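Visitor: prediction below, plus the sequence it came from.
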Amino acid sequence: MTDPYADDAERAHRLSLRFGRIVDGWRRAIRRRPWLNTAYKVAVTVLGVLVVVVGLILVPLPGPGWLIVFIGLTILGTEYHWARRLLAWLRRVLARFWERWNLWRAARRERREQRAGAARRGRGAQHEA
């Protein structure tokens, strides 16, 4: 049986390259006009900060609060190096967290299986007596 999603990553990569070329051309045209470049930077900053603030407000509520914060940082990262660095740091921290979380869950599952196996063996010895 073949995997219907096997070539999705390649297709997404090709699409992102095409989209990247379009955006790069658009951004170059904006940079040629200083007043338009300033307006663009202000718009990106306002939108990015607004999305981050909304995400932070939603963090304690059920829903995708942290995801929205990451999206806001991604928007800010299109224009600001500090936002790209912060986003990269947050991604590394999140990756380490998930790695530790999965190790902890695997160890917990293993301990539970060992206790269940010991309990089954103990019950088996009681039934024989």
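Guide: Nice, thanks for sending it over.
Visitor: for the host helix or strand of residue 66, name the packing helices and strands.
Guide: Element membership of residue 66 [criterion: DSSP states H and E] is helix 65-77. In terms of contacts (3 or more C-beta pairs under 8 Å, 6 or more residues apart in numbering; DSSP states H and E), helix 65-77 is packed against helix 34-58, helix 81-128. Backbone N, C-alpha and C define where each C-beta goes, glycine included.
Visitor: that helix: which residues count as buried?
Guide: For helix 65-77, burial by neighbour count (16 or more other C-beta atoms under 10 Å) applies to 65, 68-73, 75-77.
Visitor: which one among those gets closest to residue 41?
Guide: residue 76 (10.6 Å; C-beta to C-beta).
Visitor: so where's this structure uncertain?
Guide: Within the chain, the ranges that satisfy pLDDT under 70 run 1-6, 123-129.
Visitor: mind running it again at 90?
Guide: Filtered on pLDDT under 90, the chain yields the residue ranges 1-31, 61-63, 65-66, 78-79, 87-88, 90-91, 94, 113-129.
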